[in-house]
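K.L.:
any chance you could fold what I've pasted below:
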Amino acid sequence: MIEQAEERPRKGRGAVTNRSGRHERLTRVPINDGWTRPENEDRRLATTVSIDATRSAISRNESPDVGFDQSINPYRGCEHGCIYCYARPSHAWLGLSPGLDFETRLFVKPDAPALLARELGRPGYRCRVVLLGANTDPYQPIERKFRITRRILEVLSAHEHPVSVVTKSNLVLRDLDVLAPMAERGLASVGVSVTTLERTLARALEPRAPSPGKRLEAIRTLSAAGVPVAVMAAPMIPFLNDAELEGILEAASAAGARDAGYILVRLPHEIRELFAEWLEVHAPAKAKRVLARIRETRGGARSTSPRSEPGCAEAAHTRRCCRDAFGSRASGSGSTAIAMPNSTSTARVFGFRPGTVLSFLFCDERPRLS
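P.N.:
As a prediction, the model looks like this:
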């Protein structure tokens, strides 16, 4: 009988395992081959980077509840390694694992700036705010080397095109020389994600993302430079960081953020198992309570979606809440979820403007260069 080996977390990585994606015909599992590994063995995984030969820069969606309809993602995969990241399942389409592969096998789009310039120059293009970093963080560590995000911002600036950047990295400050002049012309804003103010929890949830203090510093510096800044307290996870919501809002407001929003954690596709594995390692005493409360806010499932998820054991539960999925995916439903939006009403106390991260930037027609 083959004995399955026990998985141990790897230093600097969020996912515990590299479980197979939902499109794979075979399932990979580690086995115990009888050899004892030394306790001090270096089990760190190196990051590899490949070229993504994409043919377009702008992605479009028709979802009525995400606040934008076009976005740009310079990278596939994200080295920040956030265990809750909703982008993880996208790696399954590449034949890779949404687990450790998502954090270690990254893809860059070096042609994205040139492709973007071509798309913006088309006669039929209609200008609307583009979200930079809707799927993976545009300022993840490899941006220091490849600088694709910066080149994209330079193209947008040259075309007088509005952009909203979403990141959890203070690397965004490197590009203040581009963002500040764009903001002065009403063309740029930045949303900074702050999940928790506790350094220990942040390191476990988001192992290679900048610390909470660095993110608040980024908010302060961006605001001082005249760039409109929003804070995203996201995601809120029951029994882990939900009690910090008002503290995050207060700290971000003091740093200069003018808008605020939050998202209740969702666990679609492979993230369900990956997050459960993470809980068993980092918060075993809370694991059952956390997952039970997430189901309570998601109609009995761990995620709500406008479509059922084929092959999901919770598909029946998901189908029951499909009608109400749009508009509730970010906030959930039920008494627990309802309490959290009531908490965000205190945003006015901290001086935030009404609205969401993207509400204060819009463009109905593409400005023409003189």
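K.L.:
when you work out contacts or count neighbours from here on, use the C-alpha atoms and nothing else.
P.N.:
Fine.
K.L.:
spatially nearest residue to L173, not counting backbone neighbours?
P.N.:
A218 (6.6 Å; CA to CA, 6 or more residues apart in numbering).
K.L.:
what is the burial count for the one you found?
P.N.:
Neighbour count of A218, defined by other CA atoms under 10 Å: 23.
K.L.:
which elements pack onto the helix or strand harbouring it?
P.N.:
A218 belongs to helix 212-224 when elements are defined using DSSP states H and E. If contacts are counted by 3 or more CA pairs under 8 Å, 6 or more residues apart in numbering; DSSP states H and E, helix 212-224 sits against strand 188-193, strand 229-236, helix 245-255.
K.L.:
could you export the last one as CSV, CA atoms only?
P.N.:
In CSV, the C-alpha atoms belonging to helix 245-255 read as follows (Å, rounded to 0.1, in the frame of the first residue of the first chain):
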residue,chain,number,x,y,z
LEU,A,245,-11.9,46.4,9.6
GLU,A,246,-12.4,49.7,11.4
GLY,A,247,-8.8,49.8,12.5
ILE,A,248,-7.7,49.4,8.9
LEU,A,249,-10.0,52.2,7.8
GLU,A,250,-8.8,54.5,10.6
ALA,A,251,-5.1,53.9,9.8
ALA,A,252,-5.6,54.4,6.1
SER,A,253,-7.7,57.6,6.6
ALA,A,254,-5.0,59.0,8.8
ALA,A,255,-2.5,58.2,6.1
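K.L.:
what is the rounded mean pLDDT of the helix or strand that comes right after it?
P.N.:
Remark: after helix 245-255, the chain's next helix or strand is strand 259-264, criterion DSSP H and E. For strand 259-264, mean pLDDT rounds to 86.
K.L.:
can you give me the buried ones in whichever helix or strand comes after strand 259-264?
P.N.:
Elements were assigned by DSSP H and E; along the chain past strand 259-264, the next helix or strand is helix 271-282. Buried residues in helix 271-282, counting neighbours by 16 or more other CA atoms under 10 Å, are found at I271, R272, L274, F275, A276, E277, W278, L279, V281.
K.L.:
after helix 271-282 comes which helix or strand?
P.N.:
Sequence order places helix 287-297 as the next helix or strand after helix 271-282, per DSSP H and E.
K.L.:
quick one, that next one and strand 259-264 angle?
P.N.:
Between the axes of helix 287-297 and strand 259-264, defined by axes from the mean of the first three to the mean of the last three CA atoms, to 10 degrees, the angle is 110 degrees.
K.L.:
and helix 287-297, how far out from the chain's middle?
P.N.:
21 Å (CA atoms, centre = their mean, to the nearest Å).
K.L.:
got the buried residues for it?
P.N.:
So helix 287-297, judged by 16+ other CA under 10 Å, has buried residues A287, V290, L291, R293, I294, R295, E296, T297.
K.L.:
same question for stretch 19-27.
P.N.:
Buried residues in stretch 19-27 (16+ other CA under 10 Å): R19, S20, G21, R22.
K.L.:
ok, so of the residues you listed, who is nearest V229?
P.N.:
V229 lies nearest to G21 out of these, by CA to CA, at 35.9 Å.
K.L.:
doesn't P98 make contact with that closest one?
P.N.:
Yes - if you go by CA atoms under 8 Å, G21 and P98 touch, sitting 6.3 Å apart.
K.L.:
find residues that contact each of these two.
P.N.:
Common neighbours of G21 and P98 are listed as P89, H91, A92, E270 (criterion: CA atoms under 8 Å, 6 or more residues apart in numbering).
K.L.:
tell me which of the helices and strands packed on helix 212-224 lies nearest to G261.
P.N.:
From the helices and strands packed on helix 212-224, taking CA to CA, the stretch that ends up closest is strand 229-236, at 4.9 Å.
K.L.:
that closest one pairs with which strands, and in what direction?
P.N.:
strand 188-193 (parallel), strand 259-264 (parallel) (DSSP bridges).
K.L.:
tell me which of those is the most buried.
P.N.:
strand 188-193 (a mean of 26; mean count of other CA atoms under 10 Å).
K.L.:
would you mark the buried spots in the helix or strand following it?
P.N.:
Per DSSP H and E, strand 188-193 leads on to helix 199-205 as the next helix or strand towards the C-terminus. Buried positions in helix 199-205, judged by neighbour count with 16+ other CA under 10 Å: L201, A202, R203, A204, L205.
K.L.:
closest one to P9 out of the residues you listed, please.
P.N.:
A204 (10.5 Å).
K.L.:
which stretches of the stretch 251-370 of the chain have low pLDDT?
P.N.:
Across the stretch 251-370 of the chain, the ranges flagged by pLDDT under 70 are 298-350, 353-370.
K.L.:
and the gap between the residue nearest to S211 when sequence neighbours are not counted and S189?
P.N.:
Closest residue to S211 apart from its sequence neighbours, by CA to CA, 6+ apart: R199 at 6.5 Å. With distances taken as CA to CA, to the nearest Å, R199 is found 26 Å from S189.
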